[in-house]
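Enquirer: Next comes the sequence, and after it the predicted model I'd like to discuss.
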Amino acid sequence: MIESVAALGRYVLEKSNKSVLEQMIENPNYDYCMFILLSETENGIEFTGVDYEEVSTDYSKYLFRSGSSRGANFSPTAKITTLSNTYDQKILGWFRGVLKEKRINNKEKLEQIYDRLVQDQASILAAVSEKIESLDKCLISVKLNHLYPVENELFTETFLYLINKKDLELSANNQICSICKEQKDTVIGKMSAFKFYTLDKPGFITGGFQEETAWRNYPVCLECKSFVEAGKEYIENHLKYQFYGLPYLLIPSFLINKENTGEDFEVILEIFENQQKMIQLSKESGNSIMTDEGDLLYILSEQKNTISLKFLFMQKIQSAERILLVIDDVLPSRLQKLFKSKEEVEKVILFKKETNEPGHFHFGFFRTFFAKSDEGKKNFDLNKYFLTIVESSFKAKQLDHNFLLKYMMKEIRKEFLKENEQNFYWKIKQAMACLSFLEKINVLQFEGGQMIMSKFSNIFDVFGKQLNTNEKRAIFLLGSLTQILLEVQQKVRNSKPFLKQLMGLKMDEQSIKGLLPKVINKFIEYDAYTKSRQELAEEISSLFLQSNEKWKLSIDEINYYFVCGMSLASKVKEVLYEKEEVIQ
């Protein structure tokens, strides 16, 4: 993953024509810069006056990079707040701090500059104070021999050292860099670019748990470190998203080098940099799969397999970052499979009859069932399971059908017991869409024998291979017949007392088989056992007789197929040529 981030950083710097040094310089967003002018003479360093200029668009020349609010910056350039405090803390403080470092070059000259700034402090502050009276938002910096800070090797070398100081705490000389594979003068082993990489955990330390030799774990040269930082900055600015309360980074990786990808590379970067417009188009056309807010994945699915994607899901705990999941090497061709299956689900399971258009399927459907194990929970304790489903979808890893149904039926039962019909039927439809999608992308496998053709085959086909046994089909049709009875009850009695016979949707094999005669008797009681309903009951009875002697179905499976039948009762009635309205 780090190699991919470094490669992206290198590409971004090349495109922007920025050097490694320029990439580390911040835009101060100030209007003016006041310079303390110093010159080298035969008598040493001399103060020659002050001067100022408007800050230009080429802000890199000021070598500004902010540091601690109570300490110095990374260079002798600072934003003036209170002049005397800024001068002491940010200008003199920078030199004081640098002179204490053991590994700094050119200490003698730095000390000479510091001494001059101290000796002429009163004159410098007076001159600066007079000049800045009419200036708002002003920087203060040092020019030596008329050179801007970025042109002065004395300052730039120290600037880079201070930035890399923390990482240089664990380093080695003349070793091979893990990223560029070249031998470099210095490699570091404690790169601070990502907060999830720490050396206070045994799992991150190679070789005897000795921190001082941890550079062997993943040695990186300082140039590649700067590419990683540039790549990280680009990803956090352009490719950081929220996914149902879980932040994730989308990290692109080119499978062949930039020279061979040609225009593909430029196209991908253009997509990333103009994504707001593209995401809006994705949202309007329903071509998003991560959430209902639109995303880039449909656009990326249309690219060639010269790029792969990594999804890095993280959780921030105080100042540290914890990796929840990394999904590696997702190709555009896999994305195409996901979107094709999504489209099929939308046209079949989620089709809106009232508007004659497909619905919109996305991973939020899974979040309905995999958020919290209990409504009273403060945290989303099912994140792990939710991300497992996401990973399986992108990587075509198998999932267990019963595992999914356990959580789906828990939510469906909850709405059933609340007698909230709208939410009840919507959650059934969401579960149907989820399982159909997973089957189409080869994450769920169903085995079954050759099924006999039936007048209801078109309805069964909606479920792919899920309704692959006689008992499953019988349960499904019994759900439809029961739903028709409930509607008759509602019409006759303005209530549905038969709901109590459904045992809170925890029926087992014996209960389901015993439900059919109860449904038939109720129809007869209401004088509503029509020819078509009798025909449906006979079909159910026949399927029960042809079913396996011992069902291999869990209670969740039995009740899931039953509620699916309830949800699609209108389709069954269409086959039976009935015209009564059925709740969708």
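Expert: Arrived safely, thanks for sending. Remember, it's a predicted structure, so these values are computed and weren't measured experimentally. Numbers count the residues shown, from 1 in each chain.

Enquirer: now residue 529, what's its secondary structure?
Expert: coil (DSSP: H, G, I helix; E, B strand; the rest coil).

Enquirer: how about it, what does it touch?
Expert: 520, 523 (CB atoms under 8 Å, 6 or more residues apart in numbering). The way it works is simple: take the backbone N, C-alpha and C, and place the C-beta from them, glycine included.

Enquirer: How about residue 94?
Expert: Residue 94 makes contacts with 72-73, 75-76, as judged by CB under 8 Å, 6+ apart.

Enquirer: Show the backbone phi and psi for it.
Expert: phi -60, psi -50 (degrees, to the nearest 10).

Enquirer: hang on, the earlier thing: restricted to strands, list the contacts of residue 94.
Expert: Using DSSP state E, no member of the contacts of residue 94 sits in strands.

Enquirer: what would the residues you listed look like in JSON lines with neighbour count?
Expert: Shown next, in JSON lines, are those (neighbours: other CB atoms under 10 Å):
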{"residue": "72", "neighbour count": "20"}
{"residue": "73", "neighbour count": "22"}
{"residue": "75", "neighbour count": "27"}
{"residue": "76", "neighbour count": "28"}
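
Enquirer: Which of the residues you listed sits closest to residue 361?
Expert: Ranked by distance to residue 361 (CB to CB), these are led by residue 73 at 50.8 Å.

Enquirer: Break this structure into its domains for me.
Expert: Under automatic domain parsing, the residue ranges defining each domain of the chain are 2-22+166-226, 31-162, 364-575.

Enquirer: ok, longest helix in the protein?
Expert: The residue-count maximum for a helix in the chain (DSSP state H) belongs to helix 470-493.

Enquirer: Could you list the buried residues of it?
Expert: 470-489 (16 or more other CB atoms under 10 Å).

Enquirer: Equivalent analysis for stretch 352-371, please.
Expert: Neighbour-count burial for stretch 352-371, counted by 16+ other CB under 10 Å, picks out 358-367, 369-371.

Enquirer: Just flag the most distant two among the residues you listed.
Expert: Pairwise distances across those peak at 25.4 Å for 358 and 371 (criterion: CB to CB).

Enquirer: Serialize the domains of the chain to JSON lines and add fields for distance to residue 247.
Expert: Shown next, in JSON lines, are the domains of the chain (distance: least, CB to CB, whole Å):
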{"stretch": "domain 2-22+166-226", "distance to residue 247": "12"}
{"stretch": "domain 31-162", "distance to residue 247": "25"}
{"stretch": "domain 364-575", "distance to residue 247": "12"}
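
Enquirer: how far does the host helix or strand of residue 365 sit from the chain's center?
Expert: Assessed by DSSP states H and E, residue 365 sits inside helix 364-369. Its chain's C-alpha centre and that of helix 364-369 lie 16 Å apart, by CA atoms, centre = their mean, to the nearest Å.

Enquirer: Next SSE downstream of that helix?
Expert: On the C-terminal side of helix 364-369, the closest following helix or strand by DSSP H and E is helix 383-395.

Enquirer: where exactly do the helices run in the stretch 1-150 of the chain?
Expert: In the stretch 1-150 of the chain, the segments counted as helices under DSSP state H, counting those that start in this stretch are 2-16, 20-23, 83-86, 93-99, 107-119, 121-132.

Enquirer: contacting residues around the helix holding residue 365?
Expert: Residues outside helix 364-369 that contact it (CB under 8 Å, 6+ apart) are 244, 291-292, 386, 389-390, 404, 407-408, 410-411, 427, 430-431, 433-434.

Enquirer: Dump the C-alpha coordinates for stretch 84-96 into PDB.
Expert: Extracted in PDB, the C-alpha atoms of stretch 84-96 (Å, rounded to 0.1, in the frame of the first residue of the first chain):
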ATOM      1  CA  SER A  84       8.400  41.300  20.100                       C
ATOM      2  CA  ASN A  85       6.900  37.800  21.000                       C
ATOM      3  CA  THR A  86       7.100  36.700  17.400                       C
ATOM      4  CA  TYR A  87      10.700  37.800  17.000                       C
ATOM      5  CA  ASP A  88      11.800  36.100  20.200                       C
ATOM      6  CA  GLN A  89       9.800  32.900  19.900                       C
ATOM      7  CA  LYS A  90       9.800  32.300  16.100                       C
ATOM      8  CA  ILE A  91      12.900  34.000  14.800                       C
ATOM      9  CA  LEU A  92      15.500  33.800  17.600                       C
ATOM     10  CA  GLY A  93      13.700  30.700  18.900                       C
ATOM     11  CA  TRP A  94      14.300  29.000  15.600                       C
ATOM     12  CA  PHE A  95      18.100  29.600  15.800                       C
ATOM     13  CA  ARG A  96      18.200  28.600  19.500                       C
END
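
Enquirer: what comes up buried for that stretch?
Expert: By neighbour count with 16+ other CB under 10 Å, stretch 84-96 contains the buried residues 86-87, 89-95.

Enquirer: Closest to residue 141 out of those residues?
Expert: Set against residue 141, the nearest of the buried residues of stretch 84-96 by CB to CB is residue 91 (8.3 Å).

Enquirer: Okay then, goodbye and thanks.
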